[in-house]
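>>> Need the 3D shape of this:
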Amino acid sequence: MKRCGAIYSFCVVHSSTEAFQGKTPYVLAVVEDNRKKLMARVEGYTEKTDIAVGMEVRFLAEDEKGNPIYSFG
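Okay, here's the model as predicted:
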């Protein structure tokens, strides 16, 4: 069974720090996963992606600092 969550709140980031250079735009979201709310990056965004509160996202992995990463679809 794949771990999923739902977007609780989000923003599309168009400028970044050096760590995310070349990865903009990207989505930062508060994801509700198993009744917990987590700040996470959501991969797979393009300017044609329609994002909405309540949209389902799928857990991919944790980054090197232990932050969750989700993806659309």
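
>>> which sections of the protein are below the confidence cut-off?
Residues of the chain meeting the criterion pLDDT under 70: 1.

>>> That one: strands as residue ranges?
4-13, 26-33, 36-43, 56-62, 68-72 (DSSP state E).

>>> can you state the direction angle for the longest one and strand 56-62?
Think strand 4-13. 80 degrees (axes from the mean of the first three to the mean of the last three C-alpha atoms, to 10 degrees).

>>> Please apply the same query to the last one.
Interaxial angle of strand 68-72 relative to strand 56-62 (the same axes, to 10 degrees): 140 degrees.

>>> Run through the neighbouring helices and strands of strand 68-72.
On a contact count with 3 or more C-beta pairs under 8 Å, 6 or more residues apart in numbering; DSSP states H and E, strand 68-72 meets strand 26-33, strand 36-43, strand 56-62. Quick note: C-beta positions are derived from backbone N, CA and C, even for glycine.

>>> Equivalent analysis for the second one, please.
For strand 26-33, the helices and strands in contact under the criterion 3+ C-beta pairs under 8 Å, 6+ apart are strand 4-13, strand 36-43, strand 56-62, strand 68-72.

>>> how does it look with 7 Å?
Applying 3 or more C-beta pairs under 7 Å, 6 or more residues apart in numbering; DSSP states H and E, we find strand 26-33 packed against strand 4-13, strand 36-43.

>>> Now render those strands as JSON lines, adding distance to Arg58 and mean neighbour count.
JSON lines is the format used below for the helices and strands packed on strand 26-33 (distance: least, C-beta to C-beta, whole Å; neighbours: other C-beta atoms under 10 Å):
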{"stretch": "strand 4-13", "distance to Arg58": "5", "mean neighbour count": "16"}
{"stretch": "strand 36-43", "distance to Arg58": "10", "mean neighbour count": "16"}
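
>>> Go ahead and flag the most central residue of the chain.
Taking C-alpha atoms, centre = their mean, the centroid of the chain lies closest to Val42, which sits 2.0 Å from it.
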